[in-house]
Structures are given as C-alpha cells and as structure tokens.
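**Student:** Model the following, please.
(2 chains)
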Amino acid sequence: MNKELTTIDWQKLARYGLLWGVAAVYVSVIGMIESFSGRSIINNTLTLAQVLLFIPPIAAGYMIVNRKEIMPQDRNSVLMGGAAVGAISSAWVVLLIIVQGAIPGIRNVFINVSPALIEVLTFGLGFAGVFIYVAVTAVLGLIGASVHLLPDRGRRAVYNVVLTLLIAGAFGEIFTQVLRPLVGNVVVRALYTGGALNLVAAVVLVAIAGGLGWYRQENQARYEAFRGEIGTPRQKQVYQYQVAIGIILLLILPWIVGRFLSDVMVTIGLFIMMGLGLNIAIGMAGLLDLGYVTNYAVGAYILGILTTVPPDGSGYGFSFWIILPLCLFGAMSIGFVFGLPVLRMRGDYLAIATLGFGEIIRILAISEWLEPLAGGAQGVLYIPKPEIFGISFSNPQQLYYVVFAGCALVLYVSWRLNNSRTGRQWMAMREDEDVAQAMGINLVRTKLLAFTISAAAGGLAGGMFAAKLGTIFPTSFNILVSINVLSLIIVGGIGSIPGVIVGAIFLIGTPELLREFVEYRLLIYGAVLVWMMLARPEGLIPSAVRKRELKSGVDSL
Amino acid sequence: MSENILEAKAIKKQFGGLVAVNTLDFEIKRESISSVIGPNGAGKTTFFNCITGFYQLTEGRILFDGRRLDGRQTDEITRMGVSRTFQNIRLFNNMTVMENVMVGQEAHLKSTWWGAILNLPSVVKENEESEERARELLNFVGLKGQGDLLATNLPYGAQRRLEIARALASKPKLLLLDEPTAGMNPKETAETTDFIRKLRDELGITILLIEHDMRVVMGISERITVLDYGKKIAEGLPHDIQNNTQVIEAYLGRGAAASATIDL
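**Tutor:** Down below sits the predicted model:
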C-alpha cells in the first residue's frame, strides 16, 4: 500500500486536475470573473479576475505534490506533474468557451456567460485564446509545483512577493488616495495608474518583497543580536516605545487615511467589539451562541429610541453619552434574561435556542406590537450624532475615536477576565461542566455571567452603530450579523483576543474595501471557513492553549 | 461532634427498574481510611455519586458533620468539605496543571469579576495566594515545576496525582477516591498507597476509597464495606472480610467459596 511510486499515477492526476478545474469554471459561471475583471492589479497586465482564474491551476500544481499516492517526489515528476495538472484543470473552462460558441442560447440558462466573460477567459483573442489559456494554466501548474523545489528562503520570498503584489494591487485605489497627500502626486503617479500598479512599480515591489523574504533569517538574527546587546531593561523600554508609537499611530490614523477608510475602520471596530464579546461566550466559556445579533439590536434600539430627535419634536432626545451606558446595561439584562431558559442546555441545543433568540428580536423589532416604540419596518430615524462639550462626532473620522474607546474598553475587560478567577471558571465549565460544578463552581451564576458580559459588548457596539448610521431598520439585525461575528472569531482563532482583531480586519475590512466582493461575500466566507477548518483549524492567530491542544493532538497520532 | 463524619441512613438510588443502591446504611469515622469494594456493577460509583450530589437519592438521607447532604447541588457539597476524584480521570485537559489546581480552590475563593476588571488589591492578593497554595499542593503531590504544562500532556500517573491535588485544593474534610490506583503498575500502586496514608496522617483528611486492587484495600483500609447488587453484604476489618464466605461467593461464585480466600 505504501510502496514508493516510480511513475505518476496519471488517472488520479487527471481526476485531481479536473476537480480544481471545476472551481475555475464555477467562479466564471456565477459571474465573479466578469465582475472582478474591472479591477487591475498591475496596469494592462493582470486583473483581479485573472488572479482568481489562476488560483485553481496554481493550487492544483502546488497541492498535488503533497499527494504522495499520486506522484513520486523527484524533480522531473514534480515539474511534469505540475504542468499536467495545471493544463488539465483548464478543461472545463475550455469546454465552456466551446459550448458558448456552439450554443448561443446558453445565456438563457447561465446568464453570466457573457461575451465579456469569454473575452477575459480567452485574453481577448477569440478562439485562438483557448490555446493560450491552456498554455498559461500549464505554466501556472508548473510554477505551483516548482515552489516545492525551492529552498525554504526561496519559498518565503515567493509568498512575500505574492502577498505584497496582491495587497498593493488590489487595494490600489485606496493606496492612491492615502498616499497622495502624504508623499505627493509625483510618487503616486509613478506607482499607480488609475488605481492599478504600474508595471515598473510592480517589478520594484517584487524585488523588495522578494529580497526581504530571502534575507529574513539574517534580518531576524541581526535583530535578535541587537536585542541581546542592549540588555533586558532597555528591551523593555524599547517595547514600551513600540507600544506607545503603535497607540499614537492608531490615534492619528483616521487623519492619515481619510474619510472613507475611517468609515471602514469604524465598521471593523464595531465588529471587533462584537467579536471580543462573543469570544467571551464561545471562546472562554464554551457557550455556542448563534444569536449574538440580539445584543447588537438591543443596543441599537435603546440608543435609537431614546436619543432620536424627529422634526415633529416627538422623540426623547437624550444625550448619546447618557444612553450609551444604558445600551450596555440593557443588553446585559437581555443577555441575562435569555440566559435563564437555556441554562440547562449544552452544545448543539444551546446553539439552536440562541439562534431562535436572534430571530425573536428581529421579529419583535418589526412587529406591530412594538411599532409605536420601535417604528416597525420603518425603523428609527433621526438619531443625532454624539456631541460633547461642543465637539461633535459627526463624520467617520471623529466617530472613529468613539469606537476606538469602545474597543479599548472591551479589549481591556476581555484581557483582565481571561486571566482571572472568572476566566478560569469559564474555562473549567467549557472543559467539563460536571467536574467544574464538583469543584465548587456555581454553574448557574457562571453561565449567566458569561452571557451577560458577552452581551454587554454587543450592546455597546449596537449603540455606536445606531449613532453612526443615524437610522436603524429591523433588516439590519438579521442572522447574518451573528454569522459574520462567529466567522471572524473562527478565522481569527477561537479564544484568541488578537485573533478576533485580525479576523475582523480580514473578514469585515476586505469586502468593504473591495466592493466586488460584497455580492459574493457569503460564498467567500464559506470557502474561507472550509479552507480554514482543513488547513488551519486553530485560526490565523491561535490562542496559546488552542495551539498547544491541536499540536498535542497531532503528536499523539 | 459525633464520632462519625458521614452517616448514610437507608439510602436508595433507583434508575427505572434498576435499584443501584438498595437501602444502605453506612458510617465513616473521622480521620479513618475506609474502602468500598464489590464486583463490577455492585453500585460503588453510584454510591459515590449519591454522596457528592451527582445523583439525587430516591430514598433515605445522608448526614455530613451533622448536616443534611442529600438534596444539595455538587458545588454546595464541595463547599461543605466533600471532595472527590473520578474513576476515569476527568481533568480540565486544555488548562495548565496550575490552573487545574487553582480551579480546585474555587470553594474558598472570593474575588469577583468586577474586582478582576478593576484589578483591586484584594483580588491581586487572593490570586497570588491562590497561586502560592497551588504550587505548594503541586509540590506535595510531587508535580513540582510542572505547573505550566497542559494537564493532558502529563503522564498517566501524574494525571492521577494532579486529580488528587485538585481535590485537595478545596481543603476537604472527606475525600472520596474512585479507584485511585486503576491502571498503575505495582511500583506506582505502592507509591499511591503510601501517599493516601500520608494524606490522612499529615492533613487529617478522612478518606473513602473505591478500589479493585485487593493489595491496596487490605493494606490501608481500617474498615471495609462490601457491596453486591447495591446491598451491603459485609462490613468490618480487612481480616474479617478476607475470610467472609459471602464476600468470596460474591466475587468468585458459590462453588469457589468453600476452598478459597481472597488472594492477598
């Protein structure tokens, strides 16, 4: 069974290539390719659509080498296998091009198979483009496979280059806006044209990123040597400086990056708060809460209803600052009340019950019964922006500070609780409820506390959300909010506080910045989650314990 | 104060048609080491679960230090001074050794969540004391310097000892050990036996054991109770139990009783 292969198992290789090919044709047929083709990574050279299209052959080439039952590991087989699997992966797309040429009526079924899509797939060369497409995929498969032949530092350089190019290119528009006031128009023009990298700039970037990757070990060693030289007390001082600079940077960030990015950062901040809150329930206490939107909605509606100032003068019109703590306590109360009936539930049952709570809140908000208060489907309008001592927090750049303070508060509370008796009670309960109780832990109190504190963060985020938007509608508080928050925790790393932040930036920030993503947001979330579970179940930045746990699981195999 | 730390009076635990513990009377003397033995399924662990509140009694009552124990939740019973270990080790696997013992101290900790957020001096102090005590306990059970390991990564014998350390952290008056030497080799078993005796002699803790290893049972018990089908079939000094025909019958069957004694 485990004998070494001497030749490539072509049949399996073909099947593997075809499987990846399905991904390529799928993203084409659902319209992702066409809508992504508008965004250039490198001017006149590479679009985001092509990147997406190139992922399957590269991935197929890269991953098939790890399949020892398909191919031997010598150099020639690797290169040959990579090229072959890449080329084979093009089959479905080629078929699509031929079929749409032969059957003009195909758009009646697959409405996204447009001439524009075919143009992208054939590089604008008509039917001859098919051969180029096959050739390109073969080369990409070869490249994917040959990464394995590189030394470690080479591989690091390649990863660096790919990541740098993608970020610098895809977010070109934003970099253009941000950099122009900072470094001047001349530099920006040298780098970008119409939001896409210039070819020359791209080459320079590749050189820099590649060089940094290639020499990373040396640089790191030099840094360690430097740290060793300056001794421990100075090290601490350096660390303090780093933290101070980081905080100052965060504080002036909105004025560097401008209004649009500040708005995105505010949204990310709201989700960081919710992520940290949900992390208390799921990550620390092990209570799978799928109705986190409840707390967000409660916070938003409390703030909305109590601060709104409609033109007819009917609102309460309290100050944002008085009501914000109320949002917190309101959400805590609801968290407490909803925690009561589910105290005895565990795992899946708890998840389903909380899922129901999320819906209850949405339906209550839209109901006729609460319409005099919550405005029914019309929602709450005319929510004023926060204001204190004559300083108004009206635009995103100012609101950023409100959200920043909120994040800091939730972060501090999470961090303190994580290393406290309460945190240990939660962890013990997560590990084994019965034994935790046998240790003298009052399960009722401990569970309710987890629900309540977790809810507080959601309420805070909800209140700020209402003030940010100025209007709230029941439709804003659907189950997708809960799913987004849960996804960002999983991607970041369950139980990991830095993981939540990274997850929020990645999952919430990316679709905000790349508008093309919005339409396919859930598809991409799904794909990312599946991939994460397979490749990195501990998350992007795993919590220390979780890392050890998964590692020890591997060791014991 | 009565001579007995625990008195169970006519307790009965029934699961549907099955009577797991059947009108049992039971006493444990202060600072004694007693054992409960019996064939598999005799109701020993059920008896433990009744004492610690994992199960609620069907009938009867249990007095601990003169106070009613039955009808209370496990956490309350732990706070009263009864602590236990489990037949199949149940540590908090993904917490460190140190954290496991610190959770064991729950019954005596007072700091609150808001105290932790505000980082009050009293909370900091309690935390330090709790760590200090946990470290002492780890030294006591021979796990010095292993506090930062994950519990799951400890070897089997060490996990057993950690479970005892965790149970001791609640400063129990009565400690229930459910097969503390299960799965151990003879050397480890001998060490554990000495250790259990040390618990009683040095800390003055009353100990109740469930144990299958007759060498351990006969070696350290001052009083042995034999259960079969949830009923007490014999009680007394190790020597009496060894020669009790009913006990031999329960273990080996009727035919063997005539010619055998329980092997030492």
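**Student:** Distance of residue A:295 relative to chain B?
**Tutor:** According to CB to the nearest CB, to the nearest Å, residue A:295 and chain B sit 18 Å apart. Heads up, the C-betas are built off the backbone N, CA and C, glycines and all.
**Student:** How about residue A:41?
**Tutor:** 42 Å.
**Student:** Restrict stretch B:79-97 to CA atoms and write it as CSV.
**Tutor:** Provided in CSV are the C-alpha atoms of stretch B:79-97 (Å, rounded to 0.1, in the frame of the first residue of the first chain):
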residue,chain,number,x,y,z
ARG,B,79,-18.0,23.8,49.7
MET,B,80,-19.2,21.8,52.8
GLY,B,81,-16.0,19.8,52.6
VAL,B,82,-16.5,16.7,50.5
SER,B,83,-14.2,16.3,47.5
ARG,B,84,-13.7,13.6,45.0
THR,B,85,-11.6,12.1,42.2
PHE,B,86,-13.0,10.2,39.2
GLN,B,87,-12.7,6.6,38.1
ASN,B,88,-11.8,7.7,34.6
ILE,B,89,-9.6,10.7,35.1
ARG,B,90,-11.5,13.9,34.5
LEU,B,91,-9.1,16.8,34.5
PHE,B,92,-9.6,20.1,32.7
ASN,B,93,-7.4,18.9,29.8
ASN,B,94,-6.7,22.1,28.0
MET,B,95,-5.9,24.1,31.0
THR,B,96,-2.5,24.1,32.7
VAL,B,97,-1.7,22.0,35.7
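**Student:** Quickly check: it near chain A or not.
**Tutor:** Yes. Counting by CB under 8 Å from any CB of the partner chain, chain A is contacted by stretch B:79-97 at B:79, B:84, B:86, B:90, B:92, B:93, B:94, B:95.
**Student:** for that stretch, which positions count as buried?
**Tutor:** Judged by neighbour count using 16 or more other CB atoms under 10 Å in any protein chain shown, the buried positions of stretch B:79-97 are B:79-86, B:89-97.
**Student:** Just the ones in strands from the residues you listed, please.
**Tutor:** Here DSSP state E is the test, and the buried residues of stretch B:79-97 give B:82, B:83, B:84 as lying in strands.
**Student:** how about those residues in a markdown table, adding pLDDT?
**Tutor:** Shown next, in a markdown table, are those (pLDDT from 0 to 100):
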| residue | pLDDT |
| --- | --- |
| B:82 | 93 |
| B:83 | 93 |
| B:84 | 92 |
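**Student:** of all the residues you listed, which comes closest to residue A:219?
**Tutor:** Nearest to residue A:219 out of those is residue B:83 (CB to CB; 54.2 Å).
**Student:** Now the closest one. Nearest residue, chain neighbours left out?
**Tutor:** residue B:172 (3.5 Å; CB to CB, 6 or more residues apart in numbering or on different chains).
**Student:** Kindly report the same for residue A:84.
**Tutor:** In this structure, residue A:84 finds its nearest non-sequential neighbour in residue A:13, 6.2 Å apart by CB to CB, 6+ apart.
**Student:** The strand or helix carrying that neighbour: what's the following helix or strand?
**Tutor:** Using DSSP states H and E, residue A:13 sits in helix A:10-29. Going down the chain from helix A:10-29, the next helix or strand is helix A:32-36, by DSSP H and E.
**Student:** what does that next one contact?
**Tutor:** Residues outside helix A:32-36 that contact it (CB atoms under 8 Å, 6 or more residues apart in numbering or on different chains) are A:27, A:47-49, A:51-53, A:112, A:114, A:116-117, A:120-121, A:516, A:519-520.
**Student:** Mark which of those residues are part of strands, please.
**Tutor:** Short answer: these in strands (DSSP E) are residue A:47.
**Student:** Now the buried members of the contacts of helix A:32-36.
**Tutor:** A:27, A:47-49, A:51-53, A:112, A:117, A:120-121, A:516, A:520.
**Student:** which one of those sits closest to residue B:246?
**Tutor:** residue A:520 (75.6 Å).
**Student:** which residues are in contact with the host helix or strand of residue A:350?
**Tutor:** In the assignment (DSSP H and E), residue A:350 maps to helix A:347-366. The contact list for helix A:347-366 (CB under 8 Å, 6+ apart) reads A:287-294, A:297-298, A:301, A:338, A:341-342, A:345, A:370, A:374, A:376-377, A:474, A:477-479, A:482.
**Student:** Buried subset of those residues, written for PyMOL?
**Tutor:** Per 16+ other CB under 10 Å, the buried members of the contacts of helix A:347-366 correspond to this PyMOL selection:
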select buried, chain A and resi 287+288+289+290+291+292+293+294+297+298+301+338+342+345+370+374+376+474+477+482
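**Student:** Among the contacts of helix A:347-366, which are located in helices?
**Tutor:** If you go by DSSP state H, these have A:293, A:294, A:297, A:298, A:301, A:338, A:374, A:479, A:482 in helices.
**Student:** Can you name the residues of the stretch 51-200 of chain B sitting close to chain A?
**Tutor:** Residues of the stretch 51-200 of chain B lying close to chain A by CB under 8 Å from any CB are B:52, B:54, B:73-75, B:78-79, B:84, B:86, B:90, B:92-95, B:99, B:102-104, B:106-107, B:109, B:111-113, B:116-117, B:119, B:123, B:126-127, B:130, B:150, B:152-153, B:166, B:170.
**Student:** The residues you listed in strands, which ones?
**Tutor:** Per DSSP E, these map to strands at residue B:84.
**Student:** on that earlier part again, kindly indicate which of the buried ones among the contacts of helix A:32-36 lies nearest chain B.
**Tutor:** residue A:520 (35.9 Å; CB to the nearest CB).
**Student:** contacting residues for that closest one?
**Tutor:** Residue A:520 touches A:30, A:32, counting by CB under 8 Å, 6+ apart.
**Student:** do the same with residue A:17
**Tutor:** A:60, A:64, A:84, A:85, A:86, A:87, A:88, A:89, A:91, A:141.
**Student:** could you say which helix or strand contains the most centrally placed residue in chain B?
**Tutor:** Geometric centre of chain B, nearest residue: residue B:176, 1.6 Å, by CA atoms, centre = their mean. In this structure, residue B:176 sits in strand B:174-178 according to DSSP H and E.
**Student:** Packing partners of that strand?
**Tutor:** Where contact means 3 or more CB pairs under 8 Å, 6 or more residues apart in numbering or on different chains; DSSP states H and E, strand B:174-178 is packed against helix B:44-51, strand B:82-84, helix B:156-168, strand B:206-210.
**Student:** got the ones you listed as TSV, with distance to residue A:526 columns?
**Tutor:** Putting the helices and strands packed on strand B:174-178 into TSV (distance: least, CB to CB, whole Å) gives the following:
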stretch	distance to residue A:526
helix B:44-51	44
strand B:82-84	46
helix B:156-168	40
strand B:206-210	50
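**Student:** Among those, show me which one is buried the most.
**Tutor:** strand B:82-84 (a mean of 27; mean count of other CB atoms under 10 Å in any protein chain shown).
**Student:** helices or strands up against that strand?
**Tutor:** helix B:156-168, strand B:174-178.
**Student:** List of residues touching the longest one?
**Tutor:** This points to helix B:156-168. Counting by CB under 8 Å, 6+ apart, A:439, B:83-86, B:89-91, B:97, B:100-101, B:103-104, B:137-138, B:140-143, B:146, B:151, B:154, B:175, B:177, B:180-181, B:183-184, B:188, B:192, B:195, B:199, B:203, B:205 sit against helix B:156-168.
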